[in-house]
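Enquirer: Next comes the sequence, and after it the predicted model I'd like to discuss.
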Amino acid sequence: QVQLVESGGGLVQPGGSLQLSCAASGSISNINAMAWYRQAPGKQREFVTSITNAGSTNYADSVEGRFTISRDNAKNTMYLQMDSLKLEDTAVYYCNAMVRVSPLFAPRPYWGQGTQVTVSS
């Protein structure tokens, strides 16, 4: 079994910063792409950013230039540095990882339980 655990959410004022972490554990052979998604109240879950195991990144237009994704492959951990936060960044943030539990099996997606980020004055 594979577990993804997010941490680092909280309450921050507009213009502030937060760093989220997502730690993967369990029966892991290797992790391919990892990503962050978010879901605001009353809205669908949306893509925020992703990173391959080689370090290539992709960002949603809404966070480009403000958020930075990174990962430590040795620790099976991904990070999201969020700067210049806006009210509209308020959401539950979920981490996602394509995990191969064995060289014999194809990677499959796993999700964390989510961490709340609230931007408010």
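Expert: That came in fine, so what should we check first? Numbers count the residues shown, from 1 in each chain.
Enquirer: alpha carbons only for contacts and neighbour counts from here, please
Expert: OK.
Enquirer: Excluding residues flanking it in the chain, which one is nearest the residue nearest the centre of the chain?
Expert: Centroid check for the chain by CA atoms, centre = their mean gives Trp36 as the closest residue, at 2.9 Å. Leaving out its chain neighbours, the residue that sits closest to Trp36 by CA to CA, 6 or more residues apart in numbering is Cys95, at 4.6 Å.
Enquirer: Glu6 is in contact with the one you found, correct?
Expert: Yes - judged on CA atoms under 8 Å, Cys95 makes contact with Glu6 at a distance of 6.9 Å.
Enquirer: So which of these two has more stuff around it?
Expert: A direct count of neighbours by other CA atoms under 10 Å for Cys95 and Glu6 places Cys95 higher, at 29 against 23.
Enquirer: Per-residue pLDDT of the more buried one, please?
Expert: Note for Cys95: predicted pLDDT of 98.
Enquirer: Is it in a helix, a strand, or coil?
Expert: Three-state assignment for Cys95 (DSSP: H, G, I helix; E, B strand; the rest coil): strand.
Enquirer: which SS class is the residue sitting furthest away from the middle of the chain?
Expert: Within the chain, the residue lying farthest from the chain centre (CA atoms, centre = their mean) is Leu104, at 26.6 Å. What three-state DSSP gives for Leu104 is coil.
Enquirer: Val63 sits in which helix or strand?
Expert: Under the assignment given by DSSP states H and E, Val63 is not contained in any helix or strand.
Enquirer: rewinding a little: what sits in contact with each of Cys95 and Glu6?
Expert: Applying CA atoms under 8 Å, 6 or more residues apart in numbering, one finds that Cys95 and Glu6 are jointly contacted by 22, 112, 114.
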